[in-house]
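[1] generate a structure from the sequence data that follows.
(2 chains)
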Amino acid sequence: MRRRSVAAIVVTLIFVYASAAPSAAAAEPSPDNPQLVGAAVVPMTAVGFDPAVAISNGYAVVYDHNGKAALSNASLNGAQSGAIAAPQDVVNGNCGNSWVWLYDVGRLKYRVDTGFSVVMSAVHYSWKATVGGYPYTWSGGLAFRYSWQASATGTVSIAGYYLAYAYGSATLSNGVICKSLDPEDGESLY
Amino acid sequence: MVKVSTSIAPFKGVTVSTPTELWAALFLRDLWQLDVAPNIPRCDPAPAFAMPGSLATEAEALTVSEVLELESVLTPLAPSAGLRGVFAAIELHSQVDGWRLWRDRSKREVQRLCQTLDSSPQWLCRDELAAHSPRITHVAIVPVAGDYSEMRATTMYVALGIFREVESFRAALRANQ
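    Residues are numbered from 1 along each chain as shown, chains lettered A, B, ... in the order given. Okay, the predicted model is just below:
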């Protein structure tokens, strides 16, 4: 009898919890829409090349017969040639590491940390993160730094499970545009 | 046309994650000292308890047990009613603050380990992953002590303690190939 009444309380609590699912949160998870496993840390990959940036930073640029620009071999030291080259001539497909982490602060508040590290110095970035669909954007110069990170805080209107996403790219000093593979992180916010 | 070649294997994008609902279930299991899911070691560091000495009711213990013993608990499936029940139990016993502190502390540690390029374990092991563990696409960090690691589908669940040590992580990769 005691067990049945306690079970009824728990079932009621489960119902209340389920009813409180936020409309702004992600869609109901499924095997096709997994949420238990987020991808908080993912690589970045070279997707473009800005020859003007490369030239302005002292790199030699060559053009093929179609006018397509690429870094000159002479511009690449051994470490760079093993790590990254111009897009379309992607060597490793891997030019950095990007992440997003969502934290439950309490009282329906959250903090989202996001950023990236790249394999060589960078000159510019453009970044966006969303939490429950609410966007945060950043952009600017990097002054030859190898990494960038930022935090933002916010409040949700109702408790539940929320997803944070991050998107963006960094322009390396050799002109290569290094794009995030869009990390995500889920957290229950109360 | 400039061509640059390399012998480095393509990085296939292994991701790292923190399975929130599983952490909640482990928190209550160790808070209530339940004898369930013995293959998953105890949480380390131990959760910070807001109300030491709280005892699980039979039904709540059953709920947590169901969550932890569920075949799919280590797979990326939907939070079930049982998982929601775990959160409800955390709230019922006013354990939310303790749970949040413990979870954030563990998550922050994972973040710290992952943040520095070329020093975090999964980066140091990336060539090994690409060459010898092609089916691993996700690494999920479980905040428990001991040498726990388990392969489910394409996800390798590994204890935070193992993930923290490069050689231990490398050994876990080999064991799960």
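
[2] and the residue nearest to B:Ile90 when sequence neighbours are not counted, how far is that from B:Glu66?
    Sequence neighbours aside, B:Trp99 is the residue nearest to B:Ile90 in space, at 5.2 Å (criterion: CB to CB, 6 or more residues apart in numbering or on different chains). Using the backbone N, CA and C atoms, a C-beta is placed for each residue, glycine as well. In this structure, B:Trp99 and B:Glu66 are 19 Å apart, going by CB to CB, to the nearest Å.

[3] all strands of the chain, in order?
    As the question left the chain open, I've gone with chain A. Secondary structure of chain A (DSSP state E): strands at A:41-49, A:61-63, A:69-71, A:96-106, A:109-131, A:134-155, A:160-172, A:176-180, A:184-189.

[4] sorry, I should have been clearer: chain B.
    Going by DSSP E, chain B shows strands at B:15-17, B:138-142, B:149-152, B:155-159.

[5] which one of B:Trp99 and B:Glu66 has more residues nearby?
    Each of B:Trp99 and B:Glu66 has its neighbours counted (other CB atoms under 10 Å in any protein chain shown); B:Trp99 has more, 26 against 18.

[6] does that one touch B:Asp30 like I think?
    No: counting by CB atoms under 8 Å, B:Trp99 sits too far from B:Asp30 to count as a contact (11.2 Å).

[7] what do those two both touch?
    Residues touching both B:Trp99 and B:Asp30 comprise B:Pro47, with contact defined as CB atoms under 8 Å, 6 or more residues apart in numbering or on different chains.

[8] okay, now the unreliable bits of the chain?
    Went with chain A since none was named. A:1-39, A:74-93 (pLDDT under 70).

[9] that's the wrong chain, I meant chain B
    Short version for chain B, where the test is pLDDT under 70: B:1-13, B:50-54, B:70-82, B:117.

[10] quick one: the helices in it?
    With helices called from DSSP state H, chain B shows them at B:20-31, B:58-69, B:81-92, B:96-115, B:121-124, B:126-132, B:160-164, B:166-175.

[11] which secondary structure elements does the shortest one sit against?
    Based on contacts counted as 3 or more CB pairs under 8 Å, 6 or more residues apart in numbering or on different chains; DSSP states H and E, the elements that helix B:121-124 packs against are helix B:160-164, helix B:166-175.

[12] can those helices go into TSV with extra columns for distance to B:Ala145 and mean neighbour count?
    Shown next, in TSV, are these (distance: least, CB to CB, whole Å; neighbours: other CB atoms under 10 Å in any protein chain shown):
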stretch	distance to B:Ala145	mean neighbour count
helix B:160-164	6	21
helix B:166-175	12	17
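
[13] need those helices in TSV (columns: distance to A:Glu187).
    Formatted as TSV, these follow (distance: least, CB to CB, whole Å):
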stretch	distance to A:Glu187
helix B:160-164	17
helix B:166-175	24
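
[14] out of those helices, flag the one nearest chain A.
    helix B:160-164 (11.5 Å; CB to the nearest CB).

[15] is chain A contacted by that closest one?
    No: Helix B:160-164 does not reach chain A (CB under 8 Å from any CB of the partner chain); its nearest approach is 11.5 Å.
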